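A.B. asks: here is the input, now give the coordinates:
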Amino acid sequence: MKRKFDVTGMTCAACRVHVENDVKKVQGVTSVDVSLLTNSMVVDYDDALLNPSIIIKAVKKGGYGAKIASNSPSTTNQSELLKKMKIRLVFSLILFVILLYLSMGMMIGLPLPEFLSPHHYPVLYGSIQLIITIPIVILNRNYFIIGFPKLWKRRPNMDSLVAIGTATALIYGIFILIEYAFFPSLVTDAMISNNLYFESAGAILTLVTVGKYLEVRSKGKTGEAIARLIDLAPKTAFVLKDGAERETPVSEIKVGDIIVIRPGFKIPVDGIILEGESSLDESAITGESMPVDKHVGNKVITATINQSGFFHFRATAVGTDTTLSRIIALVEEAGNSKAPIARLADQISGIFVPIVIGIAIISTTVWLIAGEGLGFALSMGITVLVISCPCALGLATPVAIMVGTGKGAENGILIKSAESFEIAHQVDTVVLDKTGTITHGKPEVTDVISLSEYAADDLIRLASSLETKSEHPLGKAVVQYADKKGISPLAVSSFQNRSGYGVQGTIEDAVYYAGNDTWMRQLEILSGLAEKTADDLARNGKTPIFLAKEMTIIGILALADTIKPTSREAIEGFHRDGIHVVMVTGDRLEVAQAIQKELGIETVHAGILPDGKAQIIADLQKEGHIVAMVGDGINDAVALTKADVGMAIGAGTDIAIESADIILMKSDLRDAVLAIELSRKTIANIKMNLFWAFFYNVIGIPIAAGVFFPLFGLKLSPTLGSLAMSLSSVSVVLNALRLKWFHSSKTKR
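C.D. replies: Prediction:
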């Protein structure tokens with residue numbers, strides 16, 4: 001089973017790797033996904049071997065905290081964290097500015113009172129700096145509380161780097177101050193004015209906290225899509241109990257409760273209309289802008305809005321079982337899951353911090369051996385520690401995935417996992433089911449052709465009269481067509497349903513037949529003109545229904561599963577993206593070829609059963625293609641599972657969660673194009689993030705270690721190193737946030 005946990009104590013990618021490795025070692029655990037963005041962990045485990053307490057114990061053993069995930073939105077937790085960080089940051093900044101003025105003001109000509117002169121009153125000068133630094137240390141003590149224990153357990157993280165660097169600067173400054181107070185002859189003016197390093201300790205803590213604050217604030221924006229989804233549902237509803245309406249919290253509604261809905265109300269839970277009718281705005285869930293008419297027996301979906309009318313409905317899904325809750329769960333799961341591209345960053349993050357500590361020690365030692373003073377050597381080592389940033393590496397992938405999947409959710413595209421989202425960018429072939437994907441999925445009357453003196457409306461009246469008692473989809477389409485045109489049926493007697501052929505009955509003392517060409521041949525009434533007309537219709541993808549009076553064909557009604565208006569645009573979008581389009585259908589070859597010709601599809605396979613669709617996908621994969629399958633998610637379940645990326649197209653509650661990797665809520669084929677384009681854009685963003693994260697560390701660490709100092713005099717102070725570290729993480733998050741403005745350039749919405 002899968003269970004979500006809240007994890008505390010994680011501050012960087014190294015922490016995430018440690019937590020994952022600890023939980024993976026527990027017997028019975030199948031998979032672990034830890035998210036640094038949401039400070040959460042999803043564990044798939046065998047509940048016969050394990051219980052949550054064992055998993056929590058494994059996390060705590062590694063020095064972190066864990067508990068079963070709370071129901072409160074992560075956005076609430078995020079805002080509380082930001083509030084606390086802001087208070088800490090404001091006081092730290094005020095103290096740091098004062099400290100910076102004292103330590104470096106004279107270098108740029110700023111005045112200092114005589115009693116603070118480092119040359120005349122050096123002990124007082126240094127002591128005041130220390131007094132100002134100590135509150136900064138206390139305010140930001142978490143770096144020490146978390147960092148040093150992780151170091152003792154040989155699991156150092158970013159906090160360990162900050163703690164070591166700050167403590168080294170602080171201890172060295174105190175050492176110099178004591179030396180000046182008790183052994184003034186050993187200390188020069190230059191040492192006390194330039195090398196106390198209290199400002200470096202304050203800078204490291206303050207500037208890293210600035211970066212962490214901006215990072216948390218930016219990361220909060222990656223979850224805006226989830227926050228908006230959570231806010232869609234109403235908090236209360238009017239439930240009918242004992243004949244009276246009672247305002248009830250949505251959390252207390254149970255399956256079977258009767259809910260009253262008035263104009264303007266939001267639907268609180270999923271259900272079925274029992275009484276009344278209305279039209280609902282379902283755009284929040286399906287993305288469809290047009291209101292949908294609802295009648296008795298129709299389903300209603302959580303968070304949709306009642307436009308007009310008054311109705312009662314019975315709750316069929318509540319709590320975590322509603323459509324909205326399932327969507328939120330999918331978006332969160334996709335954001336928390338890990339894309340294959342993240343594995344390299346994870347491997348590096350796991351060993352990054354120990355390597356950096358090693359480089360800092362080597363750097364300090366080499367400069368001491370080279371004859372530089374202790375202050376200079378320590379400055380190099382401290383800068384190496386604070387400039388190194390495992391966070392940038394760790395955030396490069398998850399922030400982009402979170403924003404990308406959130407952007408998909410905003411457009412009605414639900415992505416189930418980061419892995420399938422990544423694979424989508426490689427898709428070069430898309431296999432499309434015909435019925436319900438390219439077409440509307442239901443037949444409609446397209447042509448009424450008279451082969452006698454009967455007018456078109458007369459033929460419709462006769463055909464609909466016969467088909468009124470039929471259960472066949474084609475018959476129902478004829479009846480619906482007559483209703484739309486306002487044509488009333490005639491009385492029919494001696495009705496007979498000929499399964500597989502058609503229907504017959506007596507109307508006004510004459511026997512009429514409505515059926516297919518096979519039946520007409522059996523009756524020996526199929527004329528050459530009727531047969532030729534029917535063949536012409538079939539070549540255009542239409543199904544003919546022959547209408548005969550006594551032994552003479554009097555007309556033909558043509559029906560077709562019409563193409564969706566957006567299908568042509570979607571297929572053009574696939575072509576522009578360099579994707580080969582294949583259509584598979586169980587329909588006749590003539591129908592498939594007609595649609596192929598109209599839409600410009602390269603390859604079609606007709607008369608294919610569900611298993612045959614999966615075989616076609618397997619054959620394409622053997623040829624080396626990365627294949628996406630787009631289908632209705634029910635009849636195409638086998639093919640959707642077989643494809644590299646399965647996309648289920650279907651609005652409302654029937655979203656085929658089990659079989660597909662990506663769910664297109666709007667039933668709009670253009671969203672399949674958008675999903676692939678969004679994947680390509682997201683992966684490009686991740687690669688850019690990883691490049692800059694690697695580039696930053698590869699360039700920054702050697703500069704901090706003083707590699708270029710002998711040749712170019714290039715060195716960094718710990719202050720600049722800590723600032724660079726902060727900005728690197730923030731830049732990665734901000735780059736990922738650019739995806740929020742993504743829109744498809746290939747299709748017009």
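A.B. asks: need the next SSE after the lowest-mean-pLDDT helix or strand in the chain, C-terminal direction.
C.D. replies: Lowest mean confidence among the helices and strands of the chain (mean pLDDT, DSSP states H and E): helix 189-194, at a mean of 52. Next in sequence after helix 189-194, counting helices and strands by DSSP states H and E, comes helix 198-222.
A.B. asks: what's that following helix packed up against?
C.D. replies: Other elements packing on helix 198-222 under the criterion 3 or more C-beta pairs under 8 Å, 6 or more residues apart in numbering; DSSP states H and E are helix 74-104, helix 122-139, helix 158-182, helix 374-387, helix 390-395, helix 398-410, helix 718-737. (C-beta placed from N, C-alpha, C; glycine too.)
A.B. asks: between it and helix 122-139, how many degrees?
C.D. replies: 20 degrees (axes from the mean of the first three to the mean of the last three C-alpha atoms, to 10 degrees).
A.B. asks: residue 682 and residue 661, how far apart?
C.D. replies: Distance, residue 682 to residue 661, using C-beta to C-beta, to the nearest Å: 15 Å.
A.B. asks: just residue 508 next, same as before
C.D. replies: 57 Å.
A.B. asks: looking at those two, which is more packed in?
C.D. replies: residue 661 (25 against 11; other C-beta atoms under 10 Å).
A.B. asks: which element, helix or strand, includes the closest residue to that one other than its chain neighbours?
C.D. replies: Take residue 661 and drop its neighbours on the chain: the residue closest to it by C-beta to C-beta, 6 or more residues apart in numbering is residue 420, 3.5 Å away. Assigned by DSSP H and E, residue 420 falls within helix 418-423.
A.B. asks: same thing with residue 686?
C.D. replies: Assigned by DSSP H and E, residue 686 falls in helix 670-705.
A.B. asks: need the strands for the stretch 401-550 of the chain, in chain order.
C.D. replies: Taking DSSP state E, counting those that start in this stretch, the strands of the stretch 401-550 of the chain run over residues 413-415, 429-433, 439-450, 493-498, 502-507, 510-515, 543-549.
A.B. asks: so how far is residue 213 from residue 721?
C.D. replies: 18 Å.
A.B. asks: wait, I meant residue 299
C.D. replies: 45 Å.
A.B. asks: repeat for residue 20
C.D. replies: From residue 20 to residue 213 the distance is 26 Å (C-beta to C-beta).
A.B. asks: repeat that for residue 64.
C.D. replies: Residue 64 is 22 Å from residue 213, by C-beta to C-beta.
A.B. asks: comparing these two, which residue is more hemmed in?
C.D. replies: residue 64 (24 against 20).
A.B. asks: give me the phi and psi for the more buried one.
C.D. replies: phi -120, psi 170 (degrees, to the nearest 10).
A.B. asks: not counting its neighbours along the chain, what's nearest it?
C.D. replies: residue 9 (4.1 Å).
A.B. asks: can you name the helix or strand that residue 53 falls in?
C.D. replies: helix 52-61.
A.B. asks: residues contacting the closest residue to residue 591 other than its chain neighbours?
C.D. replies: Nearest residue to residue 591, sequence neighbours excluded (C-beta to C-beta, 6+ apart): residue 541, at 4.4 Å. Residues in contact with residue 541 (C-beta atoms under 8 Å, 6 or more residues apart in numbering) are 560, 590, 591, 592, 593, 594, 595, 598.
A.B. asks: for the first one, helix, strand, or coil?
C.D. replies: Read it as residue 560. Assigned by DSSP: H, G, I helix; E, B strand; the rest coil, the conformation of residue 560 is strand.
A.B. asks: tell me the phi and psi of the residue lying closest to it once chain neighbours are set aside?
C.D. replies: Once flanking residues are discounted, residue 560 sits nearest to residue 542: 4.4 Å by C-beta to C-beta, 6+ apart. Backbone torsions of residue 542, given as degrees, to the nearest 10, read phi -110, psi 150.
A.B. asks: can you give me the neighbour number for residue 542?
C.D. replies: Should you count by other C-beta under 10 Å, residue 542 turns out to have 23 residues around it.
A.B. asks: same thing with residue 27?
C.D. replies: For residue 27, using other C-beta under 10 Å, the count is 9.
A.B. asks: would you check how far apart it and residue 55 are?
C.D. replies: Taking C-beta to C-beta, one finds residue 27 at 11 Å from residue 55.
A.B. asks: what of residue 131?
C.D. replies: Counting by C-beta to C-beta, the gap from residue 131 to residue 55 is 46 Å.
A.B. asks: OK, contacts around the residue nearest to residue 531 when sequence neighbours are not counted?
C.D. replies: For residue 531, ignoring the flanking residues on the chain, the nearest one in space by C-beta to C-beta, 6+ apart is residue 517 at 7.1 Å. Residue 517 makes contact with 526, 531, 534, 544, 546, according to C-beta under 8 Å, 6+ apart.
A.B. asks: any chance of those residues in TSV, plus pLDDT, neighbour count and distance to residue 150?
C.D. replies: Output for the contacts of residue 517, formatted as TSV (pLDDT from 0 to 100; neighbours: other C-beta atoms under 10 Å; distance: C-beta to C-beta, whole Å):
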residue	pLDDT	neighbour count	distance to residue 150
526	89	18	85
531	90	16	83
534	88	23	79
544	88	22	76
546	94	27	81
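A.B. asks: among the residues you listed, which two are most distant?
C.D. replies: 526 and 544 (11.0 Å; C-beta to C-beta).
A.B. asks: and the helix or strand in which residue 20 is found, average pLDDT?
C.D. replies: Secondary structure assigned from DSSP H and E places residue 20 in helix 13-24. Averaged across helix 13-24, the pLDDT comes to 85.
A.B. asks: run the angle between it and helix 398-410 for me.
C.D. replies: 80 degrees.
A.B. asks: show me what helix 13-24 is packed against.
C.D. replies: Applying 3+ C-beta pairs under 8 Å, 6+ apart, one finds that helix 13-24 makes contact with strand 29-35, strand 40-45, helix 52-61, helix 342-369, helix 390-395.
A.B. asks: ok, back up a step: where's the residue nearest to residue 64 relative to residue 356, distance?
C.D. replies: From residue 9 across to residue 356, the span is 20 Å (C-beta to C-beta).
A.B. asks: more neighbours, those two?
C.D. replies: residue 356 (25 against 22).
A.B. asks: which residues touch that one?
C.D. replies: 161, 384, 385, 388, 701.
A.B. asks: again, 7 Å this time
C.D. replies: 161, 384, 385, 388 (C-beta atoms under 7 Å, 6 or more residues apart in numbering).
A.B. asks: confidence score at the third one?
C.D. replies: In this model, residue 385 is scored at 85, pLDDT.
A.B. asks: residue contacts, it?
C.D. replies: 161, 164, 165, 356, 360.
A.B. asks: and the first one, by the same measure?
C.D. replies: Taking C-beta under 7 Å, 6+ apart as the criterion, residue 161 is in contact with 353, 356, 385, 386, 388.
A.B. asks: if anything else comes up later, I'll come back, but that's it for now.
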